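Trainee: sequence unknown, structure follows:
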Ligand SMILES: Nc1ncnc2c1ncn2[C@@H]1O[C@H](COP(=O)(O)OP(=O)(O)OP(=O)(O)O)[C@@H](O)[C@H]1O
Ligand SMILES: [Mg+2]
C-alpha cells in the first residue's frame, strides 16, 4: 500500500508543485515507485512542470467519471521509469468529491510506494478534498513571517483531519540568514513544531520558468528523510560564513 502524502502550504506560490515534482524524482532515484497526483483542478500545472503536458490523453477527472481506467491516465516520466504522473484538468463540469478521489487512489495504491498529492492553494474545498485522501501531510513554507503564519493556520486545519504533519522550508537564502535578514529554517521549524523534513534553498536562477528542476542534493536528502525517518538537513548557510563567505554574500547582493 502506498503512503499517501498531501503537499500543501495554505499560501499560494510557496513551492508545492515544485516540491512535488522534485521530491517525486528524488524518491524515484531511490527506486521507490511514485505517483504524482495533481489535485489542483483549474489551476493545475504539474504536467507542465514535469514536461508531460503534450502527452496528456486522459486526466484524473476522466478517471473519476469513468471515461477511462486509472492506468490509462498515468504518464510515465521520461527519465525515471518508476515515476508516474496523473494529470488534472483545467475545468471540471461537476464537483469531484473526496470519496470519488479516494476510490481512484485505492485502486492505484497497490502499484506504488508513494502517492504525492499536489494540493491547491488555500484551505477551502480543494484543500479538504486533497487532505481527506491522504494519510500524511508535508507543509511547504517559505521563511517569511507571512508564510509561517499561513503555514501555522494550515497545520491547525490539518490537525483536525488527524494526519501526521511534517514541514519543509523552501526558498531559503543562506546569504540572508548569515546577514541575519532571514529566518533560519531551524527558527521556522521551532515556531511551527512538528517533524522537520527538509530545507530547500532558493534557486539562484529564479528566472527559469515553471520547468524548474532544482539542484538534486536538497531533494535527495529530503527523500532519504522521508523514506528512512532520518532528519538530515541541507546546509544553505555555511558557504556564506567566514572570509570567502563574506565575499560571496557581497557578490550575491550585487547580482
Ligand atoms: N526553491 C525555489 N527557488 C526558486 N524558485 C522557486 C523555488 N521553489 C519554487 N520556486 C518558484 O516559485 C514559483 C511558485 O512555485 P510553485 O508553482 O511550485 O508554487 P505552488 O505552491 O505550487 O503555487 P500554487 O499555490 O499557485 O499552486 C514558481 O515560479 C517556481 O519556479
Ligand atoms: Mg501548485
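Mentor: Yep, it's here. The structure displayed is predicted, hence computed values, not measured ones. Ligands and ions are numbered 1, 2, ... in the order given.

Trainee: whichever helix in the chain runs longest - contacts with which helices or strands?
Mentor: Taking DSSP state H as the criterion, the chain has its longest helix at helix 145-160. Packing partners of helix 145-160 (3 or more CB pairs under 8 Å, 6 or more residues apart in numbering; DSSP states H and E): helix 125-132, strand 136-141, strand 164-172, helix 185-192. For every residue, glycine as well, the C-beta is placed using N, CA and C.

Trainee: which of those has the highest mean neighbour count?
Mentor: Using mean count of other CB atoms under 10 Å, the stretch among the helices and strands packed on helix 145-160 with the largest mean neighbour count is strand 136-141, at a mean of 25.

Trainee: including distance to residue 179 and mean pLDDT, could the helices and strands packed on helix 145-160 go into TSV?
Mentor: Formatted as TSV, the helices and strands packed on helix 145-160 follow (distance: least, CB to CB, whole Å; pLDDT from 0 to 100):
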stretch	distance to residue 179	mean pLDDT
helix 125-132	35	92
strand 136-141	21	97
strand 164-172	13	96
helix 185-192	15	96
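
Trainee: out of these, which gets nearest to ligand 1?
Mentor: Of all those, strand 164-172 sits nearest to ligand 1, with 4.6 Å by CB to the nearest ligand atom.

Trainee: after that closest one comes which helix or strand?
Mentor: Later in the chain than strand 164-172, the nearest helix or strand by DSSP states H and E is helix 174-178.

Trainee: can you give the contact residues for that next one?
Mentor: Here helix 174-178 makes contact (CB atoms under 8 Å, 6 or more residues apart in numbering) with 182-184, 201, 235-241, 245, 248-249, 252-253.

Trainee: those, buried ones only, as a ChimeraX selection?
Mentor: Provided next is the ChimeraX selection string for whichever of the contacts of helix 174-178 are buried by 16 or more other CB atoms under 10 Å:
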select :182,183,184,201,236,237,240,245,248,249
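
Trainee: for stretch 59-79, buried residues please.
Mentor: So for stretch 59-79, counting by 16+ other CB under 10 Å, buried means 59-64, 70, 73-75, 77.

Trainee: the closest residue to residue 121 other than its chain neighbours and residue 147: what is the separation?
Mentor: In space, and not counting its chain neighbours, residue 121 is closest to residue 12: 3.4 Å by CB to CB, 6 or more residues apart in numbering. From residue 12 across to residue 147, the span is 10 Å (CB to CB, to the nearest Å).

Trainee: so between these two, which is more surrounded?
Mentor: Remark: of residue 12 and residue 147, residue 147 carries more neighbours, 23 against 11, as counted by other CB atoms under 10 Å.

Trainee: is that one in contact with residue 15, as I believe?
Mentor: No. The pair residue 147 and residue 15 does not pass the contact test of CB atoms under 8 Å, sitting 10.0 Å apart.
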